[in-house]
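Asker: give me coordinates for this.
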Amino acid sequence: MVAPSLTSLTDIKGTAGGLRIQRVTNMDKEDNVLGSKKYYYSNTRDQYGESSGILKSFPVNEVAYTIKNRDKESDPKNSISLYFKSKGGYCASVTNLNTPDVGYSCVIEETFDKDNKSQGYIVRRYSNYDMDIYGDTHYDERAFYSMLEGDFYTIPFSSRSMERGKLLSEEYYSNTNFLRKKVNYRYKEVNPGSFVTADQMVLLFCADLDNSMFQKVGTLTRTYTHSYLNDSVIETLYPQLGNMEFVVKKAYQYNKYKQLSRVIGKNSDGRKTLTEYVYAATLPEYGWMEEAHILSPISSKKEQTGDSFLKEVYQYKGPMPYLKQISTDRNGYKHKHYEVEATDNYGNPIYLHEESMLVVLIWGGEGQRLISRIENATLSQVEEALGMNVKDFSLLDISAINFQKVENIRHKIFGTHFYIYKYTNDLRLLSETKPNGITVFYKYDFLGRLIESYVMELENGDYQKRILNIYDYNYYYGFKVESEEEILERGGQL
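Answerer: Take a look at the predicted model:
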């Protein structure tokens, strides 16, 4: 557990809350086990081994503030204390609460076959508060100015949580403990920066009705604005017999928006690779995207190995931003893969070319959901069969859509591939019909979670329901897993 000073650990063992996956089992439709994966939150594959978890702090249910007369500090009569107590507990203020209660330094994933025989395991190590595999620690920082004395969990601090929980290494072992592959990850601060965060409070100390005083206390901390991103990845493959190990190294660079801009690679055989990313918002012709804080769309991606290269180019249009065109350039041979001819009022493509194929997309729910995809048809053909403009159809509320009118399009335009999607009034996917006529239906529980997908098949002149997938949501209490029905039956709350 992290000590109140935030700069060291204290060796205290106990139980902490939290929900962790212990085992995932795959089964066929007859409930026969196909295989499973087991997880150990420890440095060893021992169900009862010492946890690799670190608790960030003890719950604090009482906070005491004491004012002392420094000239007469030895006399307790010359001090006055203010106590706060809470069953819910107290924690540090400001904005530094973005770390889980328990973080794990090592998690082992072991794979088993249907007979529960081990097929090997993966050891994954993560950055945590304590010293990592590279010799670095990732503790939070104490306030650089504080009017409070002593070490307490409730004093504001400068968070370095962006450094914790990062995957540092993966080691792949066989069931005979032979190391087959190892991957090491290093990270760096990208665009370092911070701003000062102040926390202030006024405390009222009252010894009796005639003796009270106010005391102002405050702290100054730093809120860091940088990101902690990949600096390099080294992957090493270990052969079983005699051959030399094979190493792949990659280094990462970023732009001013902390976006990946270059990946430089080198292998044991001397082959070098270079991948470059250019983002639209960094180009003059897309200044309108930068002004609108639309930073993530890629303008181009170029992969180069030796003298050979493949470049993907993406073009955008506004003022309602949308992807206009996708093309590639392979060693000088250029090819256009995707081009939009028309959009609706929300920037959704409604008429486009995909690899020389004409595609019409019908949207609804005020542009939020795709209603139909029609391949090998022109926009004018679809609008004539629909009886209205596709652009206007996007404006309709999902509850006002006449799906029968959409379904009739397939009977009016021949030679098309037709997809149709139906939704509930709260925009959850209700069914999906493919060109072969097969419809997959989706069912949800009262909390809006997907619980079932199925099809209706014709058997003996009647349609029968055939379930494709069932999704169950359970809740963990102690050592018993309860379903929703069991919880409601005993009067509990979900």
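
Asker: what ranges do the helices span in the stretch 251-400 of the chain?
Answerer: For the stretch 251-400 of the chain, helices defined by DSSP state H, counting those that start in this stretch occupy the ranges 287-291, 379-386, 390-393.

Asker: what is the last one packed up against?
Answerer: When you say that, I think you mean helix 390-393. Applying 3 or more Cβ pairs under 8 Å, 6 or more residues apart in numbering; DSSP states H and E, we find helix 390-393 packed against strand 349-354, strand 357-364, helix 379-386. From N, CA and C alone the C-beta is placed, and that goes for glycine too.

Asker: what residues of it count as buried?
Answerer: 390-391, 393 (16 or more other Cβ atoms under 10 Å).

Asker: got these as TSV, with pLDDT and distance to Tyr126 columns?
Answerer: Shown next, in TSV, are those (pLDDT from 0 to 100; distance: Cβ to Cβ, whole Å):
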residue	pLDDT	distance to Tyr126
Val390	96	49
Lys391	95	50
Phe393	96	49
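
Asker: got those as a markdown table, with distance to Tyr39 columns?
Answerer: Below are these laid out as a markdown table (distance: Cβ to Cβ, whole Å):
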| residue | distance to Tyr39 |
| --- | --- |
| Val390 | 49 |
| Lys391 | 51 |
| Phe393 | 48 |
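
Asker: ok, so of these, who is nearest Leu55?
Answerer: Phe393 (55.2 Å; Cβ to Cβ).

Asker: gap between Leu396 and Val390?
Answerer: In this view, Leu396 and Val390 are 11 Å apart by Cβ to Cβ, to the nearest Å.

Asker: out of the helices of the stretch 251-400 of the chain, nearest to Asp307?
Answerer: Nearest to Asp307, of all the helices of the stretch 251-400 of the chain, is helix 287-291, at 33.1 Å by Cβ to Cβ.

Asker: quick one: contacts of that closest one?
Answerer: Contacts with helix 287-291, where a contact means Cβ atoms under 8 Å, 6 or more residues apart in numbering, come from 280-282, 295, 297, 316, 318-319, 321.

Asker: likewise stretch 182-189?
Answerer: Applying Cβ under 8 Å, 6+ apart, the external contacts of stretch 182-189 come out as 127, 134, 163, 166-172, 226-236, 238.

Asker: what residue ranges in the chain score low on pLDDT?
Answerer: For the chain, residues meeting the criterion pLDDT under 70 lie at 17-18, 69-78, 93-98, 242, 475-494.

Asker: ok, back up a step: show me which of the buried residues of helix 390-393 is closest to Val248.
Answerer: Using Cβ to Cβ, the buried residues of helix 390-393 come closest to Val248 at Val390, 48.1 Å.

Asker: I'd guessed that closest one sits against Asn345; true?
Answerer: No - at 11.2 Å, Val390 does not count as touching Asn345 under the criterion of Cβ atoms under 8 Å.

Asker: all the strands of the stretch 1-150 of the chain, residue numbers only.
Answerer: 23-27, 33-40, 53-55, 60-68, 79-90, 102-104, 106-112, 118-126, 141-142, 145-146 (DSSP state E, counting those that start in this stretch).

Asker: now these in JSON lines, with mean neighbour count and distance to Arg222?
Answerer: Shown next, in JSON lines, are the strands of the stretch 1-150 of the chain (neighbours: other Cβ atoms under 10 Å; distance: least, Cβ to Cβ, whole Å):
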{"stretch": "strand 23-27", "mean neighbour count": "11", "distance to Arg222": "41"}
{"stretch": "strand 33-40", "mean neighbour count": "16", "distance to Arg222": "36"}
{"stretch": "strand 53-55", "mean neighbour count": "20", "distance to Arg222": "22"}
{"stretch": "strand 60-68", "mean neighbour count": "13", "distance to Arg222": "23"}
{"stretch": "strand 79-90", "mean neighbour count": "12", "distance to Arg222": "22"}
{"stretch": "strand 102-104", "mean neighbour count": "20", "distance to Arg222": "21"}
{"stretch": "strand 106-112", "mean neighbour count": "19", "distance to Arg222": "30"}
{"stretch": "strand 118-126", "mean neighbour count": "17", "distance to Arg222": "24"}
{"stretch": "strand 141-142", "mean neighbour count": "16", "distance to Arg222": "7"}
{"stretch": "strand 145-146", "mean neighbour count": "14", "distance to Arg222": "11"}
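
Asker: of the ones you listed, give the one that comes closest to Glu303.
Answerer: Proximity to Glu303 (Cβ to Cβ) singles out strand 118-126 among the strands of the stretch 1-150 of the chain, at 28.1 Å.

Asker: adjacent strands (with direction) for that closest one?
Answerer: Using DSSP bridges, strand 118-126 pairs in its sheet with strand 106-112 (antiparallel), strand 167-173 (antiparallel).

Asker: looking at the protein, which residue lies furthest from center?
Answerer: If you look at how far each residue of the chain sits from its centre, by Cα atoms, centre = their mean, the farthest one is Asp210, at 56.7 Å.

Asker: what separation do you get for the closest residue to Gln47 other than its chain neighbours and Arg23?
Answerer: Leaving aside its sequence neighbours, Gln47 sits nearest to Tyr40 (Cβ to Cβ, 6 or more residues apart in numbering; 7.2 Å). As judged by Cβ to Cβ, Tyr40 and Arg23 stand 11 Å apart.
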